[in-house]
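# Predicted coordinates and the sequence they were generated for:
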There are 2 protein chains.
Amino acid sequence: MKPDSFSSSQGISRRRVLAGAATLVAAASLAEAAGAQTAGVQGSTSAGPLSSWNDGPAKKAIFDFVKATTDASSANFVKPEDRIATFDQDGTLWVEHPAYAQAMFAIARVVELAPHHPEWKTTAPFSVILSGNAEGIAKLKEEEWAQILAVTHAGMSNEAFVELVMTWIAGAKHPRFKRLYTDLTYVPMREAMDLLRTNGFKTYIVTGGGQEFVRAYAERVYGVPPEQVIGSSIAAKYEFVNGQPALMREPKLFFNDNNGGKAIGINMFVGKRPYAAFGNSTGDQQMLEWTGAGTGARLKMLVYHDDPVREYAYGPAGGLPDSSVGTFSTALMTEAQTRGWTVISMKNDWKRIFSFE
Amino acid sequence: MKPDSFSSSQGISRRRVLAGAATLVAAASLAEAAGAQTAGVQGSTSAGPLSSWNDGPAKKAIFDFVKATTDASSANFVKPEDRIATFDQDGTLWVEHPAYAQAMFAIARVVELAPHHPEWKTTAPFSVILSGNAEGIAKLKEEEWAQILAVTHAGMSNEAFVELVMTWIAGAKHPRFKRLYTDLTYVPMREAMDLLRTNGFKTYIVTGGGQEFVRAYAERVYGVPPEQVIGSSIAAKYEFVNGQPALMREPKLFFNDNNGGKAIGINMFVGKRPYAAFGNSTGDQQMLEWTGAGTGARLKMLVYHDDPVREYAYGPAGGLPDSSVGTFSTALMTEAQTRGWTVISMKNDWKRIFSFE
């Protein structure tokens, strides 16, 4: 999928899954090959603020921002109640390649549900997923993904869905790293979250992914409570089921928390403009613009995936391979330079990426 | 408007305005007559927890709940991070009769904008508003109110809208009490909010009214910050205006935070089930059901407007006059009794209603 059609998409949740699946093919072989060399011992937590960052403009930008906004004598001092920092999740806080974790969850659910649906063996799009034919999966149309989302993300209570996600994420492993997805968070970003929190900032996750999907593990993994997770969502209906009220999930997109939706979502959920925003793709562009349009010191950072050895490398900015998952377009890079946003090079700015290194 | 059609309404924001305006006629004369006798000196703040409450089951229910949920030795102890209390606004925290403040704002805006729209003098529905013919206003159809909302609540940036609300609410006076709307909050309810906060509860406003409308004054008036105001909202669009990103308000309902929408809104914004919920009308029924369906001690309270002398009396529960603004139906009273919700009698449970008494 081209970056342009991705960024202008309305049904982004479905498209995200589609985009994710589309790269599964290419990734599968690479993943297997790379798996062994990345196995290691679970690392200890870091020694001090930003200790996993190499010295350089990115690390300095964070420290400078914290100092400017929290020093009471600074012209850019920010009242504690206004200290808001927002973080995209996929590709900013944890690995998003070869496919979004949520796309993997959807595929796993189809496989799990298949025994109860013998007709799926011969009914597209389910038959395509079940065939394991990666090329076929990559070619599924948006309407077909909508059908897959309907059976994997809707038609149940919210409670039941969260339970499914928690169970899946407790066991599912990343195809290349052979580790739980929740082990694949970026240590330097968690250090940035920690530093900001220590300095009175409220840290929010603002994700194009599903809000309930991310809430199912965000508190445990990032220390971010449910009320600080803003994401895309499908419609819900209040109903009595077995004598108890339930919030039933409906197969219809309600809110698309991507692109301009990120600024809208932040205003809707927080009602305050962030002072710091972290993203990594075209879907985060407007969140950074919105943050930067405020007065005073504002931190705007983009994670740039340029480390194919320790993680992945994709752009197409900087001539890296194009990707429909977490596209970092050349236009985004130009905007970052024009507006003075800080681009974090995973390769050069991060001493360590994962805790198990 | 009948309670049934009110509670099943989808376009509730517009209907709320309609319902509000429909009672303006009846209220106008009453208001004038009652105005003089309620004038008084701005009261001091209260002496202690729930000091404006008379002894009785309602006051006891609040104290018992706080003790049960915060005493570490109690079987119903609740961890601080889960202490969520939700409050409806109109009719629960402040006066909603004869019309919702937001309906008065919409009417005032039409009057204010009229000089720039000479055609309104002869174009319904604006001509009806401008005529001041209360009977005509009361008969405006839903589509006509949508037109009024489009020019008063949309077609501008969110920032500009909030500015308008702040200006209006700083000067607009209630027709009967001749006081600022923000002076017409209920002291006993603010004491309940204070007591809960002192005991570690996070207090949320969950309103069928407009989220941005209420946020414009909620922090100053109730001490509730923007991120703890959940309300109905219209759609927004991210756009560049004069080189700066803006959230432009569109004339289209996005979220109806009433009835089942209150449970959905709480889950969407907070992601946790409240332990305490306060409402006063059929629009709050599902919020109390949702709260009560949780385990442990849960406080479910309904304010019952049965004090025509100090405030208003409306039902139709208990044989009070029917009202399309803040309907307390007989069915709601039956449900309250069946489920053991506490009904607060404004007349008997509240020693003092307003701070100026």
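Arrived safely, thanks for sending. Quantities reported herein were computed from a predicted structural model and do not represent experimental measurements.
# Confirm for me that residue A:349 is in contact with residue A:58.
Yes - between residue A:349 and residue A:58 there is a contact under CB atoms under 8 Å: 4.4 Å. For every residue, glycine as well, the C-beta is placed using N, CA and C.
# how far away is the residue located most distally from the centre of chain A from chain B?
Relative to the centre of chain A, the most outlying C-alpha is that of residue A:243, 36.7 Å out, by CA atoms, centre = their mean. Distance, residue A:243 to chain B, using CB to the nearest CB, to the nearest Å: 9 Å.
# Residue A:318 looks like it's in a strand, true?
No - read with DSSP: H, G, I helix; E, B strand; the rest coil, residue A:318 is helix and lies in no strand.
# Next, count neighbours for it.
By the criterion of other CB atoms under 10 Å in any protein chain shown, residue A:318 has 14 neighbours.
# all strands in chain A, in order from the N-terminus.
Using DSSP state E, the strands found in chain A span residues A:84-87, A:202-210, A:229-241, A:244-255, A:276-279, A:299-304, A:342-345.
# Indicate whether the third one makes contact with chain B.
Yes - Strand A:229-241 comes into contact with chain B (CB under 8 Å from any CB of the partner chain), by way of A:229, A:233, A:236-239.
# any chance of the strands of chain A in TSV, with mean pLDDT and mean neighbour count too?
Converted to TSV, the strands of chain A look like this (pLDDT from 0 to 100; neighbours: other CB atoms under 10 Å in any protein chain shown):
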stretch	mean pLDDT	mean neighbour count
strand A:84-87	99	26
strand A:202-210	97	25
strand A:229-241	97	19
strand A:244-255	97	17
strand A:276-279	99	28
strand A:299-304	98	26
strand A:342-345	98	21
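# Figure out which of those strands is closest to residue B:299.
Ranking the strands of chain A by proximity to residue B:299 (CB to CB) places strand A:244-255 first, at 17.0 Å.
# now that closest one, how far from the chain's geometric center?
When C-alpha coordinates are averaged (CA atoms, centre = their mean, to the nearest Å), strand A:244-255 and its chain have centres 22 Å apart.
# which helices and strands sit right next to it?
If you count contacts as 3 or more CB pairs under 8 Å, 6 or more residues apart in numbering or on different chains; DSSP states H and E, strand A:244-255 packs onto helix A:142-153, helix A:158-171, strand A:229-241, helix B:260-269, helix B:285-292.
# what angle separates it from helix B:285-292?
In terms of direction (axes from the mean of the first three to the mean of the last three CA atoms, to 10 degrees), strand A:244-255 departs from helix B:285-292 by 120 degrees.
# before we move on, back to that, which one of the residues of strand A:229-241 next to chain B is nearest chain B?
residue A:238 (2.8 Å; CB to the nearest CB).
# wait, doesn't the closest one sit right on residue B:258?
No - under the criterion of CB under 8 Å, residue A:238 is not in contact with residue B:258, lying 10.9 Å apart.
# Please identify every residue contacting each of those two.
Taking CB atoms under 8 Å, 6 or more residues apart in numbering or on different chains as the contact rule, residue A:238 and residue B:258 touch no residue in common.
# Look at residue A:112 and say how many residues are nearby.
Other residues near residue A:112 come to 12 when the count uses other CB under 10 Å.
# scratch that, residue A:108
Neighbours of residue A:108 (other CB under 10 Å): 16.
# That one: what's it in contact with?
Contacts of residue A:108 by CB under 8 Å, 6+ apart are A:168, A:172.
# That one and chain B: what is the separation?
Counting by CB to the nearest CB, the gap from residue A:108 to chain B is 24 Å.
# what does the stretch 1-150 of chain A have sitting close to chain B?
residue A:81.
# Any stretches of the stretch 151-300 of chain A with poor pLDDT?
Within the stretch 151-300 of chain A, no range satisfies pLDDT under 70.
# Could you list the residues of it in contact with chain B?
A:158, A:211, A:215, A:225-227, A:229, A:233, A:236-239, A:244-245, A:247, A:259-261, A:263-264, A:267-272, A:286, A:289-290, A:293.
# Quick check on these: which are buried?
A:158, A:211, A:215, A:225-227, A:229, A:233, A:236, A:238, A:245, A:247, A:259-261, A:263-264, A:267-272, A:286, A:289-290, A:293 (16 or more other CB atoms under 10 Å in any protein chain shown).
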